[in-house]
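Colleague: Need the 3D shape of this:
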Amino acid sequence: MQRRAFERIPLHISVRFSCGNDEYSGTVSNLSEKGMFISACNMRFPFDSEFKLVFPVEAELLTLQVRVRRITKTADRYDGIGVELLSLPQRYVDYIKSLRENV
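Modeller: Now for the predicted structure:
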């Protein structure tokens, strides 16, 4: 069994993102230094898509560039994506560090 390079931190944060002309909102259910899993309804975009994600950190909104690495499907609809972070703003790195220290 393959282990993750970075352990995931469970949490529940609302995010917004778009791919092409489609706008989505979702919920981050876990994250790490390099990625996150987002639950969302009725997503329609291809695997390996890149897009920008608006992620709240306290009173600040970070824009993160991500790439889809995993898509989940329940019944007949796509309902979740695992994304890799392509850019790591220092504010995001500090946020993850603070979450790890408080676990």
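Colleague: contacts, neighbours, all on C-alpha from now
Modeller: Will do.
Colleague: longest single strand anywhere in the chain?
Modeller: Longest strand in the chain by number of residues, with DSSP state E as the criterion: strand 60-74.
Colleague: Pull the residues that contact that strand.
Modeller: Residues external to strand 60-74 that are found in contact with it (Cα atoms under 8 Å, 6 or more residues apart in numbering): 47-56, 78-89, 92.
Colleague: what's the span of stretch 69-85 from first residue to last?
Modeller: Length of stretch 69-85, first residue to last, Cα to Cα, to the nearest Å: 10 Å.
Colleague: how about it: buried residues?
Modeller: For stretch 69-85, burial by neighbour count (16 or more other Cα atoms under 10 Å) applies to 71, 78-85.
Colleague: Would you map the strands across this protein?
Modeller: Counting by DSSP E, the segments of the chain that form strands are 9-19, 22-31, 35-39, 50-57, 60-74, 77-85.
Colleague: what's the angle between the last one and strand 35-39?
Modeller: Following axes from the mean of the first three to the mean of the last three Cα atoms, to 10 degrees, one obtains 160 degrees for the angle between strand 77-85 and strand 35-39.
Colleague: partners of strand 77-85 in the sheet?
Modeller: Strand pairing for strand 77-85, using DSSP bridges, gives strand 35-39 (antiparallel), strand 60-74 (antiparallel).
Colleague: just checking, which of those comes out with the lowest mean pLDDT?
Modeller: Note on these: strand 60-74 shows the lowest mean pLDDT, a mean of 92.
Colleague: Could you tell me the angle between the direction of that one and that of strand 50-57?
Modeller: Between the axes of strand 60-74 and strand 50-57, defined by the same axes, to 10 degrees, the angle is 120 degrees.
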